[in-house]
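> With the input below, show me the fold.
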Amino acid sequence: MKQDYTYYKSIFKGRRLPLAYVDLDLFDENVRNIITRSGDKKIRVASKSVRCTNLLRRVLDSDARYQGLMCFTVAEAVYLSQLGFDDLLVAYPTTQREQLKSACSEVSGGKSLVLMVDSREHLASHQSAAAEIGVTLQVCMDVDMSSKFPGIHFGVLRSNITNEAQAAKLYEEILKCPNLKLVGLMGYEAQIAGLGDNYPGQAIKNSVVKMLKRKSITLLSARRKAAVNTLNSMGADLSLVNGGGTGSLESTREEELVTEVTVGSGFYASGLFDNFETFNHLPSAGYAIEVVRQPVPGIYTCHGGGYTASGAVAADKLPKPYLPEGAKLTPNEGAGEVQTPIAYDGPETLQLGDPVLMRHSKAGELCERFNTLLLISDGKVVDEVLTYRGEGQCFL
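Numbers count the residues shown, from 1 in each chain. Down below sits the predicted model:
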């Protein structure tokens, strides 16, 4: 059965628009393909790229290789823990005392929550909260994986731990905290995992990005290895060495000391991930907006649709018209809050009330716009499940 415009239009007939959906047939194929791409590594699921507890469980239940979640806030990790999830690594640090205490309370109940640190200030706040609750709190050290080339900071501005000597100094401080235990090291190579290198019509830029990636992979692999070996030589017991993301699995899986890779965006295969040379996942998630006007021939104005992604302002942060094939945003208006004109001159006959299917540039951010996701399989809606938003949750 071909998943074309007619296929989805038939499924959505009579449904209230706009709506968001996940095609489980494509989603499950992405889940299987990611296992293949990850080599022999354990795969931790990035919850921020899914933001739907039903689908998080679906991934974790699909194969034993999927183990644990990477959360984006402490509050989210606590929420998921209280829903029955376990093995929760929080990727971003906080010093907010009440959040830290709530995490420690989950730990006191037997749950595994590991919090991220990269400074003495983090250690002080975590130690204080853990001591008050009376638990040993597991922490993970975030080591920066960006690369510096002449005139270029290649990567994201993340941790201030940039080498093994700084990692050793922070570990010495951790050893002074009786209620903290270092169990992991994380290094996120965002410039490999999230930066496309195969944009149409940008051959020169693509070549430069690929060259920088090759150089950066060599540098970051050596940095991660040096940090892990240094900490182990000091007596650290690192059961968790986390790296990678959807776009970097082929390189991260080759590092012997990495125990797990993280994947999130690959399940939905959002628009940004169309622009990678080494893999091609299936567009399983999207949303449909209603054609409500036709101001001139070839232009179909839809209601809503302007769900632009976070990050530096650029054309690739805009949502992509997906179906009917050949539909495009107009350059003057783009995707708007209340209306989105779509340029289309293809074979489909669009009428007022018809859907136009769109794809978000980033994966999980789609779920901040909708309370539910329609789950599709074999040509029909098989379920409707709540997003975080539908569950009344907003973590950032």
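
> all helices in the protein, in order from the N-terminus.
With DSSP state H as the definition, the chain shows helices at residue ranges 5-12, 24-37, 53-62, 74-82, 97-108, 120-133, 164-174, 190-193, 203-233, 249-252, 265-268.

> for the ones you listed, which one ends up most surrounded?
Neighbour counts (mean count of other C-beta atoms under 10 Å) averaged over each of these peak at helix 265-268, with a mean of 28. (Each C-beta comes from the backbone N, C-alpha and C, glycine too.)

> circling back: could you dump the helices of the chain into CSV with distance to L375 added?
Formatted as CSV, the entries for the helices of the chain read as follows, by distance: least, C-beta to C-beta, whole Å:
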stretch, distance to L375
helix 5-12, 11
helix 24-37, 5
helix 53-62, 8
helix 74-82, 20
helix 97-108, 29
helix 120-133, 39
helix 164-174, 43
helix 190-193, 27
helix 203-233, 35
helix 249-252, 26
helix 265-268, 13
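
> So which of these is nearest L318?
Distances from L318 to each of the helices of the chain were compared by C-beta to C-beta, and the smallest falls on helix 265-268, at 16.5 Å.

> Format the CA atom coordinates belonging to the closest one as PDB.
C-alpha atoms of helix 265-268 as PDB (Å, rounded to 0.1, in the frame of the first residue of the first chain):
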ATOM      1  CA  SER A 265      14.800  12.300  16.000                       C
ATOM      2  CA  GLY A 266      15.300   9.200  13.800                       C
ATOM      3  CA  PHE A 267      12.100   7.700  14.900                       C
ATOM      4  CA  TYR A 268       9.900  10.500  13.500                       C
END
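
> Contacts only, for the residue lying closest to R51 once chain neighbours are set aside.
Ranked by C-beta to C-beta, 6 or more residues apart in numbering and with sequence neighbours excluded, the top spatial neighbour of R51 is C367, at 3.8 Å. Applying C-beta atoms under 8 Å, 6 or more residues apart in numbering to C367 gives the contacts A20, V50, R51, C52, L373, T387, Y388, R389.

> just G196 next, same as before
Counting by C-beta under 8 Å, 6+ apart, G196 makes contact with V209, G247, L272, F273, D274, N275, F276, D316.

> out of the contacts of C367, which one sits closest to T6?
When the contacts of C367 are ranked by distance to T6 (C-beta to C-beta), A20 comes first, at 19.9 Å.

> so what's the closest one bridging to?
On the basis of DSSP bridges, A20 is bridged to Y287.

> Look up how far G364 lies from it.
12 Å (C-beta to C-beta, to the nearest Å).

> ok, N160 touching V117?
No. In this structure N160 lies outside contact range of V117 using C-beta atoms under 8 Å: 11.1 Å.

> ok, of the contacts of G196, which come out buried?
Judged by neighbour count, with 16 or more other C-beta atoms under 10 Å as the criterion, the buried members of the contacts of G196 are V209, G247, L272, F273, D274, N275, F276.

> the strands in the stretch 251-396 of the chain, which residues?
Applying DSSP state E, counting those that start in this stretch to the stretch 251-396 of the chain gives strands spanning 260-263, 285-293, 299-303, 320-323, 328-329, 339-343, 355-359, 372-377, 380-386.

> now these as JSON lines including distance to A130 and mean pLDDT?
Formatted as JSON lines, those follow (distance: least, C-beta to C-beta, whole Å; pLDDT from 0 to 100):
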{"stretch": "strand 260-263", "distance to A130": "24", "mean pLDDT": "98"}
{"stretch": "strand 285-293", "distance to A130": "38", "mean pLDDT": "98"}
{"stretch": "strand 299-303", "distance to A130": "50", "mean pLDDT": "98"}
{"stretch": "strand 320-323", "distance to A130": "45", "mean pLDDT": "98"}
{"stretch": "strand 328-329", "distance to A130": "50", "mean pLDDT": "98"}
{"stretch": "strand 339-343", "distance to A130": "49", "mean pLDDT": "98"}
{"stretch": "strand 355-359", "distance to A130": "42", "mean pLDDT": "98"}
{"stretch": "strand 372-377", "distance to A130": "37", "mean pLDDT": "98"}
{"stretch": "strand 380-386", "distance to A130": "33", "mean pLDDT": "98"}
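
> okay, the residue lying closest to F273 once chain neighbours are set aside: pLDDT?
Of all residues not flanking F273 in the chain, S265 sits nearest, at 5.7 Å (C-beta to C-beta, 6+ apart). Among the per-residue scores, S265 shows a pLDDT of 96.

> Please list all residues in contact with S265.
Neighbour list for S265: A46, S49, G194, G245, T246, L272, F273, K362, A363, G364 [criterion: C-beta under 8 Å, 6+ apart].

> Which one of the contacts of G196 is nearest to E121?
G247 (31.4 Å).

> do you know how far that closest one is from V228?
As defined by C-beta to C-beta, G247 lies at a distance of 22 Å from V228.

> what do you get for A64?
In terms of C-beta to C-beta, A64 sits 25 Å off from V228.

> need the contact list for E365.
Shown in contact with E365 (C-beta under 8 Å, 6+ apart): Y307, A309, S310.

> count of neighbours near the second one?
What that stands for is A309. By other C-beta atoms under 10 Å, 19 other residues sit near A309.

> Look up the pLDDT of the closest residue to S361 other than its chain neighbours for me, please.
Excluding its sequence neighbours, the residue lying closest to S361 (C-beta to C-beta, 6+ apart) is A309, at 3.8 Å. Predicted confidence (pLDDT) for A309: 93.

> May I have the residues that are in contact with A309?
Residues near A309 by C-beta under 8 Å, 6+ apart: L272, K317, L318, P319, H360, S361, K362, E365.

> Can you redo those as a markdown table, where the extra columns are distance to K215 and pLDDT?
Compiled in a markdown table, the contacts of A309 are given as follows (distance: C-beta to C-beta, whole Å; pLDDT from 0 to 100):
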| residue | distance to K215 | pLDDT |
| --- | --- | --- |
| L272 | 22 | 91 |
| K317 | 26 | 92 |
| L318 | 30 | 95 |
| P319 | 33 | 96 |
| H360 | 31 | 96 |
| S361 | 27 | 95 |
| K362 | 26 | 94 |
| E365 | 31 | 95 |
